[in-house]
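>>> Kindly generate the corresponding structure for this input.
(4 chains)
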2 protein chains.
Amino acid sequence: MAERGAAQSSASSGESLLFLTDEQLRRGIEAMFFAYRGFTADPDRILENHAYGRAHHRAIHFINRSPGTTVNNLLAILGVTKQSLNRVLRTLVEDGLVESRVGTRDKRERHLYLTEQGISLERELSEAQRTRMRAAYRAAGPDAVAGFRTVLEQMMDPELRHHYFSNTEGGA
Amino acid sequence: MAERGAAQSSASSGESLLFLTDEQLRRGIEAMFFAYRGFTADPDRILENHAYGRAHHRAIHFINRSPGTTVNNLLAILGVTKQSLNRVLRTLVEDGLVESRVGTRDKRERHLYLTEQGISLERELSEAQRTRMRAAYRAAGPDAVAGFRTVLEQMMDPELRHHYFSNTEGGA
DNA sequence: ACTTTATGTCAGCCTTGTTGACTTTCCAAG
DNA sequence: CTTGGAAAGTCAACAAGGCTGACATAAAGT
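Residues are numbered from 1 along each chain as shown, chains lettered A, B, ... in the order given. Model (predicted):
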């Protein structure tokens, strides 16, 4: 029902390019804007109660995703300066949500782990986000979801796409 | 860990729900994060040269999209306070990118238009954004794009989805 | 010994969001 | 005609979270 109406109008070669018009692209651009706002809305509300912001959420997410990751790894993934990340990390460690352990092989490195408390907040945040995404996925159906993921991956910076999805694609 | 196991693994009703596992949802969440960063990267680079930020881009985009829109309309779409928007709008008017005309029917309202200069910057910004999106669309193909749009629309806040897409769906 | 790497920290700046208070302009209802 | 309230603008103050630059420390690597 989402337009695409007259696609494949002329029986030319079967490959209609109507989905590449500026108008279609503009709609995609605005959809990204509005969807991203919805995407972050629920966690943002939760974070307010805890006096944290989106930056804390991102750190918590990726520490949970890769327990024991180093500060440098996190820096590369998040794409911010160490000063920015450090400010966030410091408050999380002070508040007992994140534990920072000195590395064993390389003692310069700090390995980051969520504490019980950190895991608890992470679950609260990610459950809210998953709930919205699950509803969207369910309403859209598996084929739409596959397309969604495909387009998003194409929209990422290419180096990131490779460097990043090469590790995670392991499972089916 | 939180895998929800193999959801409905057996060939029960043909409707596999594997795309709704927490793992799949997590991948979607991260894809949103990385894709949005790519999505904003090109305009951000351009804006740096002009001493503007993302807030200016958003204002310019929606004024271009609906010439003559009022400040209040813009406020509703962007979801920020009038003080925030006003700061951005003021610089754009001062710099001659946006013209603010007093309303004819209701003289309290200000109707916003891009000047030639504003149109020029808008084009530069949106062309950069469209180029990336066009590449992603082309690589993913029309079916993936349809799914992409469907999921994004489901992810928006429901009121916004209706209030907003009811106006735009008009033209086919 | 010297250099490089990983991390942390201090200080200061910018953008962009927020609240609160207040004014001006103007439409419209009493 | 007066007055209430909506629309818009402005000022001030503040916070989050980016940034740069400079500097400190410890541990590796050469």
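>>> residues in contact with the spatially most central residue of chain A?
Taking CA atoms, centre = their mean, the centroid of chain A lies closest to residue A:58, which sits 8.1 Å from it. Neighbour list for residue A:58: A:78, B:33 [criterion: CB atoms under 8 Å, 6 or more residues apart in numbering or on different chains]. Heads up, the C-betas are built off the backbone N, CA and C, glycines and all.
>>> what's the answer for the one 3 residues further on, then?
Applying CB under 8 Å, 6+ apart, one finds that residue A:61 lies in contact with A:122, A:125, A:126, B:29.
>>> from what I can see the first one touches residue A:114, true?
Yes. Counting by CB atoms under 8 Å, residue A:114 is a contact partner of residue A:122 at 6.1 Å.
>>> Need the overlap of contacts for those two.
A:60, A:64.
>>> hey, which helix is longest across chain A?
helix A:22-50 (DSSP state H).
>>> how about the helix or strand just after it, does it get close to DNA strand D?
Downstream of helix A:22-50, the first helix or strand assigned by DSSP states H and E is helix A:54-65. Yes. Counting by CB under 7 Å from any atom of the strand, DNA strand D is contacted by helix A:54-65 at A:54, A:55, A:56, A:58.
>>> gap between the third one and residue A:131?
I take that to be residue A:56. Going from residue A:56 to residue A:131 by CB to CB, to the nearest Å gives 20 Å.
>>> Where do the strands of chain A begin and end?
Remark: strands assigned in chain A by DSSP state E are A:69-70, A:98-102, A:110-114.
>>> Mean neighbour count and distance to residue B:45 added to those strands, as JSON lines?
Below are the strands of chain A laid out as JSON lines (neighbours: other CB atoms under 10 Å in any protein chain shown; distance: least, CB to CB, whole Å):
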{"stretch": "strand A:69-70", "mean neighbour count": "18", "distance to residue B:45": "28"}
{"stretch": "strand A:98-102", "mean neighbour count": "15", "distance to residue B:45": "32"}
{"stretch": "strand A:110-114", "mean neighbour count": "19", "distance to residue B:45": "31"}
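>>> who wins for proximity to chain B among the ones you listed?
For chain B, the closest of the strands of chain A is strand A:110-114, at 12.3 Å, according to CB to the nearest CB.
>>> And the contacts of that closest one?
Strand A:110-114 has contacts (CB under 8 Å, 6+ apart) with A:60, A:63-64, A:67-71, A:74, A:89, A:97-103, A:122.
>>> Partner strands of that strand and their direction?
The pairing partners recorded for strand A:110-114 under DSSP bridges are strand A:69-70 (antiparallel), strand A:98-102 (antiparallel).
>>> which residues touch the closest residue to chain B within chain A?
Nearest residue of chain A to chain B (CB to the nearest CB) works out as residue A:147 at 2.5 Å. Contacts for residue A:147 (CB under 8 Å, 6+ apart) come out as B:140, B:143, B:144, B:145, B:146, B:147, B:148, B:150, B:151.
>>> Got a quick ChimeraX command for the buried subset of those?
Here is the ChimeraX command that selects the buried residues among the contacts of residue A:147 (16 or more other CB atoms under 10 Å in any protein chain shown):
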select /B:140,144,145,146,147,148,150,151
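>>> can you pull the contacts of the closest residue to residue A:81 other than its chain neighbours?
Spatial nearest neighbour of residue A:81, excluding adjacent residues (CB to CB, 6 or more residues apart in numbering or on different chains): residue A:75 at 7.8 Å. Contact analysis of residue A:75 by CB under 8 Å, 6+ apart lists A:81, A:82, A:85.
>>> Tell me how far the last one lies from DNA strand D.
For residue A:85, the distance to DNA strand D under the criterion CB to the nearest atom of the strand, to the nearest Å works out to 7 Å.
>>> Output the strands of chain A as CSV; include the columns mean pLDDT.
Below are those laid out as CSV (pLDDT from 0 to 100):
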stretch, mean pLDDT
strand A:69-70, 97
strand A:98-102, 96
strand A:110-114, 97
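>>> Go through the ones you listed and name the closest to residue B:108.
For residue B:108, the closest of the strands of chain A is strand A:98-102, at 50.9 Å, according to CB to CB.
>>> Identify all contacting residues around that closest one.
Strand A:98-102 has contacts (CB under 8 Å, 6+ apart) with A:59-60, A:63, A:89, A:92-93, A:109-115, A:118.
>>> what's the average pLDDT for stretch A:154-167?
Stretch A:154-167 comes out with an average pLDDT of 78.
>>> What values do phi and psi take at whichever residue of chain A sits closest to DNA strand D?
DNA strand D sits closest to residue A:53 of chain A, with a gap of 1.2 Å, by CB to the nearest atom of the strand. Main-chain torsions, residue A:53, degrees, to the nearest 10: phi -130, psi -170.
>>> what's around the residue lying closest to it once chain neighbours are set aside, how many residues?
Leaving aside its sequence neighbours, residue A:53 sits nearest to residue A:47 (CB to CB, 6+ apart; 6.0 Å). A count of neighbours around residue A:47, defined by other CB atoms under 10 Å in any protein chain shown, yields 20.
>>> so what's residue A:74 up against?
Residue A:74 sits next to A:59, A:62, A:63, A:85, A:112 when contact means CB under 8 Å, 6+ apart.
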